[in-house]
Structures are given as structure tokens and as C-alpha cells.
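Trainee: Build me a model:
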Amino acid sequence: MKNFFSVDGGLYKFMSRLLDMLKLNLAVVVLALPAIIVYLFGGYMPIMDKYPAVVWGICALFLVPMGSSLIAGYYITLKMVNDEEGYIFGPFFKEFKANFKRGCVLGALLLVAVYAMWIDFQMMRIYPESKTMFLIVFILGVVLIVTHFLYAFPLMARYENGVVNTLRNSHSIAVRYFPRTFFTVVLLAVEVVFFIFNKTTIFLGILIGPACLLLTVSANARPIFIKIEDENKAPEEKDQKKLN
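Mentor: Numbers count the residues shown, from 1 in each chain. So this is what the prediction gives:
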């Protein structure tokens with residue numbers, strides 16, 4: 001019992017990790033606050049009645065840097081999975097700045113893809129006679145979004161690569177490791193349902209929800225990354241042995 005309350009004990013480690021999650025969640029969410037404010041209060045602005053597209057455009061503009069925020073968040077959670085994390089805010093904003101351009105491009109592409117799915121969903125309601133066709137397109141679109149973007153942000157957090165190659169690599173990993181990918185998506189869905197279950201869980205979701213989702217993806221992505229890195233090292237090691 002004494003060791004449980006010590007610096008190396010379970011309680012201290014749990015509270016330390018919880019504090020890190022709160023800090024990370026704050027860093028990730030604070031960058032989305034302008035978009036959230038525009039979304040929540042845009043309906044009360046006169047401009048919303050006359051120019052709704054302008055309000056939604058401003059909201060999307062503020063959300064684009066969230067791509068850079070996600071990369072920085074994954075940089076931290078990938079270290080958390082390996083028990084390598086230290087400070088949160090310093091490394092987070094350093095990575096946010098370093099990956100700002102790539103993150104904005106990736107974030108913009110994700111927003112466009114999600115918006116396309118939203119339009120397709122609306123078309124199902126407007127044209128019920130073509131509901132089956134739009135539903136098929138919607139399902140295929142969601143699958144493509146998941147496979148191309150699920151690992152894209154953690155890949156950018158771990159490796160230096162272009163946006164197009166990162167999306168290709170994410171798709172390849174998702175297909176190659178389909179069981180783990182499916183398991184990850186199911187876990188994320190369960191977490192989302194939990195965080196919106198009632199007022200208490202919603203409050204908990206506000207505090208640590210996004211950070212938990214990032215940590216879940218990182219916990220499942222890191223073993224894949226390590227395995228791929230080991231496979232890429234193997235031929236080089238074999239060649240080195242032949243030379244020796």
C-alpha cells in the first residue's frame with residue numbers, strides 16, 4: 001500500500017498521465033475554439049441569415065490548422081504509448097509550427113472529403129428514389145476517408161514525407177493491417193458513444209475526449225510502424241552481413 005502512494009506507485013503514475021492528457025487535450029482543443037465559437041454563435045449573427053456560406057467558410061478556415069494540431073497531438077501520444085513523454089506544451093507547439101503547412105493541407109483535404117460525404121447524405125434525403133445509390137457512395141466514401149486519413153496524421157508525426165505519399169502509405173497500412181484497423185475504428189466508435197452518452201460523460205469528453213481518441217490510434221499504430229521499420233531494416237542488415 002505504501003508503494004502505491006509513492007512516486008513510483010500506480011496512483012502517482014495514473015494522476016501524472018491524467019494530467020498529461022488534460023494538458024494535451026487543452027492544447028488540441030484550444031486551436032479549434034475560434035471555429036467552435038463561430039459555429040455556436042453564427043446562428044445569432046445577422047450575416048448567418050443572409051450569407052450562411054460565409055459563416056461556414058470562416059468556420060472551415062479556422063478548422064484547417066487543426067490538421068497541424070492533430071499531427072502535434074499524435075507526436076505526443078506516440079511518445080506516451082512508449083512512456084517517452086515529458087513536457088506537453090513545449091513539444092506540442094514546436095511540432096505544430098514545424099508541420100503547419102503540411103498539416104493545413106492534410107486538414108483541408110479531410111474537411112473537403114467530410115463535406116463531400118455531408119452533401120451525399122443530404123442528397124439521400126432530397127432524392128429518396130435514388131437513396132440506394134447515394135448510400136453506396138456514402139459507404140465507399142467513408143471507407144476511403146478512414147483508410148486514407150486514419151494513419152495519415154500519426155505518419156506525419158513520425159516521418160518526414162509529402163502529403164500525397166502519406167495518404168498512400170496510410171491507405172496501404174489500413175488495407176494490409178485490416179484487422180487492427182477495424183479494431184481501432186470500433187474502439188474509436190465505442191469511445192465516441194461513451195463520451196456523448198450523458199451529461200457526465202460529455203463533460204469528461206470535453207476534458208480528455210480528443211486526447212483519448214488520439215492515444216487510441218497511437219496505441220494501435222505504433223506497433224505497425226515499428227514492424228514496418230524492422231522489415232525495412234532487415235534487407236540492409238542482411239547485406240551488411242554478406243559484406244562482413
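
Trainee: so where does Lys23 fall, helix or strand?
Mentor: Of the helices and strands defined by DSSP states H and E, Lys23 is found in helix 10-30.

Trainee: Can you point out the buried residues in that helix?
Mentor: For helix 10-30, a neighbour-count test (16 or more other Cβ atoms under 10 Å) marks Asp20, Met21, Lys23, Leu24, Asn25, Leu26, Ala27, Val28, Val29 as buried. All C-beta atoms are positioned from the backbone trio N, CA, C, and that covers glycine.

Trainee: give me every residue that touches the residue nearest to the third one when sequence neighbours are not counted.
Mentor: In other words, Lys23. Closest residue to Lys23 apart from its sequence neighbours, by Cβ to Cβ, 6 or more residues apart in numbering: Ile88 at 4.1 Å. Residues near Ile88 by Cβ atoms under 8 Å, 6 or more residues apart in numbering: Asp20, Lys23, Leu24, Ala27, Ile76.

Trainee: The nearest residue to the fourth one once chain neighbours are set aside: neighbour count?
Mentor: Spelled out, that is Ala27. Excluding its sequence neighbours, the residue lying closest to Ala27 (Cβ to Cβ, 6+ apart) is Phe92, at 4.8 Å. Phe92 has 21 neighbouring residues, counting by other Cβ atoms under 10 Å.

Trainee: so what pLDDT did Ile173 get?
Mentor: With respect to pLDDT, Ile173 scores 95.

Trainee: Provide the secondary structure category for it.
Mentor: Counting by DSSP: H, G, I helix; E, B strand; the rest coil, the backbone at Ile173 sits in helix.

Trainee: Helix or strand with the lowest mean pLDDT in the chain?
Mentor: helix 46-50 (a mean of 57; mean pLDDT, DSSP states H and E).
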